[in-house]
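[1] No letters, just coordinates:
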């Protein structure tokens, strides 16, 4: 009997322990379920954050890539545009240079033709046409050598025509054709103002003017000759003729002043006696 009681107590104890184990197991199971649920929520939250972080990172990457591509594309476009602009500018410059070269070539061809035609005038000795055509020729793009050659030819033509007009004026002066003489001497001076015979041409022109009663045209010529003529041989003649022109127009005071100056400056002149007589005559009458 005692043995059955012990067994019953043992069974009760085991039942109680089993029941306690079951309770503990349930508690552990519930705790594990709660932990699993918590872990699951955390995992879901983590996965959700990871998803959004990944999406944000991907989006940021895409934006960065697009930005880099855009910058690279803009840089490439700028480079291409710069190259295109440089190419256009180079083409424009080359076209301009080509036009300039063509223009210079045309001008040079025209200048050579004009120079050849002018040279034919020089060879033919057509002096008047040489002088008249030189103004147009010098506007052409001639070389320095060509311009110097043609300039010498023109100066030579001027000198020769001036001498010819001077000699023609002397012929008219000897025959008393005063108007023709004046025209010839005017041409001689106009053609070559710095020639060796220019001073004599002016003196003879003044004589022709006096004969034509154009003393007021003669006086400026004679004053310049008597004051600063490069030809010293005509100075006394010019000054005496100036005095005669002043007497002609009855400028008595100026005539006396110039006669006194003539006597003082040219005591050895062949005209000294005429000057003294003219001065004495004016002094007596005026």
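    Structure received. The shown structure was predicted, so the numbers you read here are calculated from the model rather than taken from an experiment.
[2] low pLDDT regions in the stretch 1-150 of the chain?
    Residues of the stretch 1-150 of the chain meeting the criterion pLDDT under 70: 1-5.
[3] which residue ranges form the helices in it?
    Assigned by DSSP state H, counting those that start in this stretch, the helices in the stretch 1-150 of the chain fall at 2-124, 127-137, 144-174.
[4] For the most centrally placed residue in the chain, give its distance to residue 144.
    Residue closest to the mean C-alpha point of the chain, counted by Cα atoms, centre = their mean, is residue 100 at 15.2 Å. Residue 100 sits 21 Å away from residue 144, going by Cβ to Cβ, to the nearest Å. The C-beta positions use only the backbone N, C-alpha and C, and glycine is treated the same way.
[5] Over to residue 183?
    With distances defined as Cβ to Cβ, the gap from residue 183 to residue 144 amounts to 37 Å.
[6] more crowded one of these two?
    Relative neighbour count places residue 183 above the other of residue 183 and residue 144, with 17 against 7, counting by other Cβ atoms under 10 Å.
[7] For the more buried one, which three-state class applies?
    Under DSSP: H, G, I helix; E, B strand; the rest coil, the three-state class of residue 183 is helix.
[8] Then residue 195?
    Secondary structure assignment for residue 195 (three-state DSSP): coil.
[9] show me the contacts for it.
    Going by Cβ atoms under 8 Å, 6 or more residues apart in numbering, residue 195 touches 159, 162-163, 188, 201.
[10] quick one: which of those residues is nearest residue 109?
    Residue 109 has its nearest neighbour among those in residue 159, at 32.2 Å by Cβ to Cβ.
[11] Look up the closest residue to that closest one, ignoring the ones flanking it.
    residue 192 (5.3 Å; Cβ to Cβ, 6 or more residues apart in numbering).
[12] can you pull the contacts of that neighbour?
    Contact partners of residue 192, counting by Cβ under 8 Å, 6+ apart, are 155, 158-159, 161-162, 198.
[13] how does it look with 6 Å?
    Counting by Cβ atoms under 6 Å, 6 or more residues apart in numbering, residue 192 makes contact with 158-159, 162.
[14] same check, this time on residue 122
    Applying Cβ under 6 Å, 6+ apart, the residues contacting residue 122 are residue 153.
[15] Okay then, goodbye and thanks.
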